[in-house]
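Asks: Need coordinates for the below:
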Amino acid sequence: MKNWKKPELLAPAGDMEKLKMAVLYGADAVYLSGRIFGMRAAADNFTVEELAEAVEYAHERNVKVYLTVNTMPRENEYDLLKNYFRDLKNIPVDALIIADIGVFMLAREMLPEKELHVSTQACSVSAADCRAWYSLGAKRVVLSRELTIEEIKAI
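Replies: Numbering: from 1, shown residues only. Predicted coordinates:
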């Protein structure tokens, strides 16, 4: 029998009510965004304080929380990003979902205890790209949405 891992049911959680619904209906994990540095602009998103509450709620119910930090910040935004990472230091999110290599490297430096996932926004479309991310410390790479099933199988 081939070794396989049970798929993870991952649901978006744009606010606390949506997070609670995702948990109630069986999500294994949720992904959400803070008020800054996340591409989930249509969602209400979480303040740092709300994020801590959301993680506590989810973890009490054995649900993982992945925080998107998947924008591509400009040079003048890095001081704010560093402050944001300092705020995240004591919030036990299960992983950060990151698209930008500069953000990835800063997260690795400032938050070495956090697991790092590569966002679909990074547009990974090859095994070579995935290997490069893994060599930098990524634990998961979410492939580009444009790939076909056959291309995914090949990777």
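Asks: CA atoms only: put the helix ranked longest in the chain into PDB for me.
Replies: Using DSSP state H, we find that the single longest helix of the chain is helix 48-60. Extracted in PDB, the C-alpha atoms of helix 48-60 (Å, rounded to 0.1, in the frame of the first residue of the first chain):
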ATOM      1  CA  VAL A  48      -3.100  41.500  16.500                       C
ATOM      2  CA  GLU A  49      -5.300  41.200  19.600                       C
ATOM      3  CA  GLU A  50      -8.000  39.400  17.700                       C
ATOM      4  CA  LEU A  51      -5.500  37.100  16.100                       C
ATOM      5  CA  ALA A  52      -4.300  36.000  19.500                       C
ATOM      6  CA  GLU A  53      -7.900  35.300  20.500                       C
ATOM      7  CA  ALA A  54      -8.600  33.400  17.200                       C
ATOM      8  CA  VAL A  55      -5.500  31.200  17.700                       C
ATOM      9  CA  GLU A  56      -6.500  30.400  21.200                       C
ATOM     10  CA  TYR A  57     -10.100  29.500  20.100                       C
ATOM     11  CA  ALA A  58      -8.900  27.300  17.200                       C
ATOM     12  CA  HIS A  59      -6.200  25.500  19.200                       C
ATOM     13  CA  GLU A  60      -8.600  24.700  22.000                       C
END
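Asks: Need the contact partners of it.
Replies: 13, 16, 19-20, 23, 30, 32, 34, 46, 64-65, 67, 84, 87-88, 90-93 (C-beta atoms under 8 Å, 6 or more residues apart in numbering). (Glycine included, C-beta is placed from N, CA and C.)
Asks: Cross those residues against helices and list the overlap.
Replies: In this view, the contacts of helix 48-60 that belong to helices under DSSP H are 16, 19, 20, 23, 84, 87, 88.
Asks: Who are the contact partners of the closest residue to the second one other than its chain neighbours?
Replies: For residue 19, the nearest residue in space outside its immediate sequence neighbours is residue 13; the separation is 3.6 Å by C-beta to C-beta, 6 or more residues apart in numbering. Taking C-beta under 8 Å, 6+ apart as the definition of contact, the neighbours of residue 13 are 19, 22, 30, 31, 32, 54.
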